[in-house]
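>>> Quick one, structure for this:
(3 chains)
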Amino acid sequence: MAMKTTVESAMGQPDGVSLRRTLPGYVYTDPAVFGREQEMIFERLWFCAARSAEIGQPGSFRVVPVGRESVLIVRGHDGALRAFLNVCRHRGSRLCAEESGQVRRNLRCGYHAWTYDLDGRLVAAPNLAKMADVDRDAYGLIRVGLREWLGYAWVCVADEPPSFTDTVIADVTGRLGDPAAIGHYRTEELTVGRRVTYQVAANWKLIIENFMECYHCATIHPELTRVLPEFARGYSAQYYVGHGAAFADGAQAFTVTGTGGLGRLPEVAPDQDRRYFAVTVRPQVFLNLVPDHVIVHQLFPHAADQTTVVCDWLFDAAVVEAGQDLAPSVELFDRVNRQDFRACELTQLSMGSRAYRDGGVLVPSEHHIGQFHAWVTLAAQL
Amino acid sequence: MAMKTTVESAMGQPDGVSLRRTLPGYVYTDPAVFGREQEMIFERLWFCAARSAEIGQPGSFRVVPVGRESVLIVRGHDGALRAFLNVCRHRGSRLCAEESGQVRRNLRCGYHAWTYDLDGRLVAAPNLAKMADVDRDAYGLIRVGLREWLGYAWVCVADEPPSFTDTVIADVTGRLGDPAAIGHYRTEELTVGRRVTYQVAANWKLIIENFMECYHCATIHPELTRVLPEFARGYSAQYYVGHGAAFADGAQAFTVTGTGGLGRLPEVAPDQDRRYFAVTVRPQVFLNLVPDHVIVHQLFPHAADQTTVVCDWLFDAAVVEAGQDLAPSVELFDRVNRQDFRACELTQLSMGSRAYRDGGVLVPSEHHIGQFHAWVTLAAQL
Amino acid sequence: MAMKTTVESAMGQPDGVSLRRTLPGYVYTDPAVFGREQEMIFERLWFCAARSAEIGQPGSFRVVPVGRESVLIVRGHDGALRAFLNVCRHRGSRLCAEESGQVRRNLRCGYHAWTYDLDGRLVAAPNLAKMADVDRDAYGLIRVGLREWLGYAWVCVADEPPSFTDTVIADVTGRLGDPAAIGHYRTEELTVGRRVTYQVAANWKLIIENFMECYHCATIHPELTRVLPEFARGYSAQYYVGHGAAFADGAQAFTVTGTGGLGRLPEVAPDQDRRYFAVTVRPQVFLNLVPDHVIVHQLFPHAADQTTVVCDWLFDAAVVEAGQDLAPSVELFDRVNRQDFRACELTQLSMGSRAYRDGGVLVPSEHHIGQFHAWVTLAAQL
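This next block holds a predicted model:
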């Protein structure tokens, strides 16, 4: 794959100026801005909510916060996943109170026993027989959009979800270049070998901006730059369409020591081998692709300065079943995560300073972050 | 006593529709709405603040939060209770810092020693003799309304309290039908056998709505419906003027096992025996009347989603003094309370959802809650 | 020094009225008022931030919250202190993450390694050589005003700091009368023998008002009034220009027992001996001068109802080095502090009451607090 500087050429460098402006500080601290982002971004776009395999049997469910909503994802008796607002239509009680669970046949509200089938239809309630005028579909659970991709359930709580292809898939293809590239990792067939959940005291946008650039890599990621020496030069792989960062000559694998590794996922292409690809899927997913595993970050923003990040390390099922040692692979990016999130937290602290009233600056290898800023500004109508 | 469906007939069922709207979700979450409720409801109406007997001797006092105020209730040297804003008139220090206590003669501010007699009059202060122009009545403590009823001190911090008879007593009589009915329990002579305080993460209105209906009883109250089988059919005793729910044929008493009990309060009438009466006294009291004891709930709303509930189990003084076992009686409603408050907390969680933007629905046996909603809307000018 | 009642005569006592109004309660609770005070007072005036000697060597630094800003104070290679906003000019990360520390040569941001010399100039950054158009002065750290006085670093984060002489020094001279008086304590040469930090749940103005008057001393300060009997009469030493409160005849020293003491600071004048002088330096410093030590309070307001107070007990270096017992000296004002801050916290609790809607009252010996109220009102444009 050729290295093309599309972002760079698209934006240009006006007047030969190296530095460009970031967003102003208040968009990282103002609860009103965060409220708009919840409404216009997280409650309108596709949101990666749960690993499908964790909702395995008919009647299995998971409850996930999406924007300000609680979303219930349940596997039907037909084997398909469906998603609903997790709110009883009667008096509004949270329908499923636990984060995950298993029902036998129906979903029954714990308050007044209004009962819905796994399609969301109201099928029973005390004295319902005497209320012949109650439309059991109209008072069914409120359905929300659901798509499965890469082994995850993506939901959209908006009345009219945008095209999944034009948003989620377009972000991945736009980064990798070749639409077929992501498929080679067979992410939907992989097994979650490890999950780590991080509570980050920083705005979700700082976490995305951090992931989008590698100008910081030399400073805070010694383990990562040892495996990916080009990252030490500060140019992010996300800067170039189709480019993956090459492993160091001496590195055998994407592990904390650079040794070991777990072979190669069966369909990974030769030009994907010994390379690391990072992909940002707006608004809240990072994909990290290496030959022997895939790492997926899901961001759950809670407040202007609070974000939960759930990170999954996905491996070939056979590798996990065989009990192979996943720790060297997991430890590398777990360290990277902790290094990054601390940097984001230290940055959050300054967002209210008058020094950042008009924002900071982006160096050339960060200019593509300006595209993210433009997108947020437009999407949330800031 | 005849069963009359006054609430039902007053509101009608337009177009034969079974379901009616509740209040919209934001009135349970919006701090501005809660602020209005504090100002227009809890700081204007009579508020049940303390058990009179706990303020036994001259100089005994209790401090109670009423709306956003701290109210001081003190027994005077003449044996009467009086209530004041718990604020020194000089520089505003909280006059009594403890929740309860005993003074010898006067109330003395701990900051600058401004001193008030138990009538609230300013009687001493450093250098006061040199300030001849200071009016000791005008700079006395700010008096607030106080009425004793059912053995409780009810206070009203408004400048012009409403009629106690037309509000508090009218709520009780409106529910029980016969104005003499409440008196048969001689509640003012009973002794607090047990007090439990619950911190509930729910709006006060959800707690009241929950208490007003029994459509949920079959689902969450197995112990209660065993003693009161009609509650399992979902029709609330509060729905009918004068109606008390009959004990199950096999139930000896209002206890967690249905056995035992503590006899009968001496003046309870035959049509009150073996029956449970629930009464909602707006804005923050529930009365529960059974033949051998009385249970009183006081709600103290702190925030849109935080309410403290203090529950007293009141028994005949002789029963308490004899050391009879109160536990089976207390455990029944303590379980009911915990079941109810958990349901309220799960409901609170959905109040911000778009699924509840226009509210939920009331089934016919809940329609009378609509009257409470109308009252709140008017009282708080929502 | 003669006792002159300048404040008193300036304000007069209209109509022979003993009582005057304080500020209304909401100015002590409203977050918007506190926001204005941050902007108009703490971020515009000189703010006593740190003891200079704690930033001893070139490269030593301290980080201090000033209003809503984080200020970095660092000693340069030339031995001079400088202050900067603690914000990297690149992407805004907090430059120094720790409260204090020591760098060797430069200040290096932990995120992307932008590096500043101790004058604040941008001297290095990854790829900076390729960004020839970046002005290393324009992208240096944002400098803030710094003055050293009494051994403290005073900073001002405003673009145009006010005259230090006309504000800080004028407050001290206005209180002590003689401009030379403060110098006799050689405060800049003293050593911090003990530092205690108090978290006070009260508005900063209540803490200042408390310090300005002694009408409360008889009530809450038994140890202090034993040493300074005139304080028991309620007239504050701050009321009179140049007046220091005389020690009790039997008191040997300003200690919790009135015995012991540590001699006399070498240049203390005869009319300063055996006297206590209190000085309020707006907006956030108290000076307490006694013959053998100096006590300095620094207030750090965090929220309308949260203030951190750092209290330093300063002694002659020889006294500290000799290991003399400082405890009797420290314990006296530590007790006074705890007594005062508890009173302030109890007062804060009433600031939202309707009893304080129009404020409380000032007795004659508190009338000078009205001048502080007028100053705050004007300064914060309330």
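
>>> Please state the backbone phi and psi of the closest residue to residue A:338 other than its chain neighbours?
Distance criterion CB to CB, 6 or more residues apart in numbering or on different chains; nearest residue to residue A:338, sequence neighbours excluded, is residue A:198 at 7.6 Å. Glycine gets a C-beta too; all of them are placed from N, C-alpha and C. Main-chain dihedrals, residue A:198, degrees, to the nearest 10: phi -120, psi 130.

>>> what's the answer for the one 5 residues further on, then?
With angles defined as degrees, to the nearest 10, residue A:203 sits at phi -60, psi 140.

>>> For it, list the residues it contacts.
A:28-29, A:34, A:301, A:304-305, A:307, A:344, A:348, A:351 (CB atoms under 8 Å, 6 or more residues apart in numbering or on different chains).

>>> got those residues as TSV, with distance to chain B, pLDDT and secondary structure columns?
Formatted as TSV, those follow (distance: CB to the nearest CB, whole Å; pLDDT from 0 to 100; DSSP: H, G, I helix; E, B strand; the rest coil):
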residue	distance to chain B	pLDDT	secondary structure
A:28	23	98	helix
A:29	19	98	coil
A:34	14	98	helix
A:301	15	98	strand
A:304	17	98	coil
A:305	19	98	coil
A:307	19	98	strand
A:344	27	98	helix
A:348	25	98	helix
A:351	24	98	coil
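
>>> And the residue of the stretch 101-250 of chain A that's closest to chain B?
Residue nearest to chain B within the stretch 101-250 of chain A (CB to the nearest CB): residue A:131, separated by 3.9 Å.

>>> which parts of the stretch 101-250 of chain A sit against chain B?
Counting by CB under 8 Å from any CB of the partner chain, the stretch 101-250 of chain A comes close to chain B at A:110-113, A:125-127, A:130-134, A:139, A:142, A:157.

>>> restrict those residues to contacts with chain C.
Near chain C, by the rule CB under 8 Å from any CB, you find none of these.

>>> Most widely separated two among the residues you listed?
A:130 and A:157 (33.4 Å; CB to CB).

>>> how near is residue A:84 to chain C?
For residue A:84, the distance to chain C (CB to the nearest CB, to the nearest Å) stands at 38 Å.

>>> Quick check, the residue in the stretch 151-300 of chain A closest to chain C?
Residue of the stretch 151-300 of chain A nearest chain C, by CB to the nearest CB: residue A:219 (4.3 Å).

>>> which residues does the residue nearest the centre of chain A form a beta bridge with?
Among the residues of chain A, the one closest to the centroid is residue A:285, at 2.0 Å (CA atoms, centre = their mean). Here residue A:285 sits in beta bridges with residue A:281, residue A:298, going by DSSP bridges.

>>> And chain A, split by domain according to the record?
Taking automatic domain parsing as the reference, chain A has its domains at A:6-44+A:189-379, A:47-156.

>>> what's the least confident stretch among the ones you listed?
Here the lowest mean pLDDT among the domains of chain A goes to domain A:6-44+A:189-379, at a mean of 93.

>>> so how far is that domain from its chain's centroid?
Relative to its parent chain, domain A:6-44+A:189-379 has a centroid offset of 10 Å by CA atoms, centre = their mean, to the nearest Å.

>>> would TSV of the contacts of residue A:203 with neighbour count and distance to chain C be doable?
Output for the contacts of residue A:203, formatted as TSV (neighbours: other CB atoms under 10 Å in any protein chain shown; distance: CB to the nearest CB, whole Å):
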residue	neighbour count	distance to chain C
A:28	26	9
A:29	16	10
A:34	23	18
A:301	25	19
A:304	23	15
A:305	21	14
A:307	25	17
A:344	24	9
A:348	25	9
A:351	26	7
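
>>> Which one of those residues is nearest to residue A:93?
For the contacts of residue A:203, the residue nearest residue A:93 by CB to CB is residue A:301; the value is 25.2 Å.

>>> In contact with the residue nearest to that closest one when sequence neighbours are not counted, which residues?
Closest residue in space to residue A:301, ignoring its immediate chain neighbours: residue A:204 at 4.0 Å, by CB to CB, 6+ apart. With contact set as CB under 8 Å, 6+ apart, residue A:204 has these partners: A:37, A:283-284, A:299, A:301, A:307.

>>> before we move on, back to that, what about residue A:130 and residue A:157, which has more around it?
Set side by side, residue A:130 and residue A:157 show more neighbours around residue A:157, with 26 against 11, by other CB atoms under 10 Å in any protein chain shown.

>>> Look up the closest residue to the more buried one, ignoring the ones flanking it.
residue A:144 (4.6 Å).

>>> tell me the contacts of the residue with the largest distance to the centre of chain A?
Distance to the chain centre peaks in chain A at residue A:130, reaching 46.4 Å (criterion: CA atoms, centre = their mean). Applying CB under 8 Å, 6+ apart, we find residue A:130 in contact with B:18, B:364.
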